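Trainee: 3D, please:
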Amino acid sequence: MFEDWEEEIENEDENENEDWGTDEKNPWRYLDGWEALANAIILQAVEDYREARMRLHNKPSLRKPRSVISEVEQFFHSDWFTWLTSLDGEMLLERLKEETSV
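Mentor: Residues are numbered from 1 along each chain as shown. Below you'll find the model as predicted:
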């Protein structure tokens, strides 16, 4: 279900700066690493959320998964998330809830 979305994150701005090539004057040459880091942060949050929902489903009495879920939900609604990506955090969260609901 999320394969398309994950691919979109990984390729979010891939074609945006193609015209610059590898020229040393390319002002975007340093952004690739930062974009990769931003995408990795978001993908880790997605994985943490999925795992926490699974653990909570298997053992509803656990506190840690509830804490992780809350933290990830706050992250998806944060200014930091909107700074990292142009993705809609609320839409992403809704899709994750649908995916992990039983």
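
Trainee: give me the low-pLDDT residue ranges for this protein?
Mentor: Filtered on pLDDT under 70, the chain yields the residue ranges 1-31, 102.

Trainee: how about a cut-off of 90?
Mentor: Within the chain, the stretches with pLDDT under 90 are 1-36, 100-102.

Trainee: just give me the longest helix of it.
Mentor: Using DSSP state H, we find that the single longest helix of the chain is helix 31-58.

Trainee: helices or strands next to it in the packing?
Mentor: Contacts defined by 3 or more Cβ pairs under 8 Å, 6 or more residues apart in numbering; DSSP states H and E place helix 31-58 against helix 3-10, helix 64-76, helix 79-84, helix 89-100. Bear in mind the C-beta positions are built from the backbone N, C-alpha and C, glycine included.

Trainee: mind running it again at 6 Å?
Mentor: Packed against helix 31-58 by the contact rule (3 or more Cβ pairs under 6 Å, 6 or more residues apart in numbering; DSSP states H and E) you find helix 64-76, helix 89-100.

Trainee: got the angle for it vs helix 64-76?
Mentor: Between helix 31-58 and helix 64-76, the angle comes out at 140 degrees (axes from the mean of the first three to the mean of the last three Cα atoms, to 10 degrees).

Trainee: what angle do helix 31-58 and helix 89-100 make?
Mentor: 40 degrees.

Trainee: helix 31-58: which residues count as buried?
Mentor: Residues of helix 31-58 classed as buried by neighbour count (16 or more other Cβ atoms under 10 Å): 35, 38, 39, 42, 45, 46, 48, 49, 52, 53, 55, 56.
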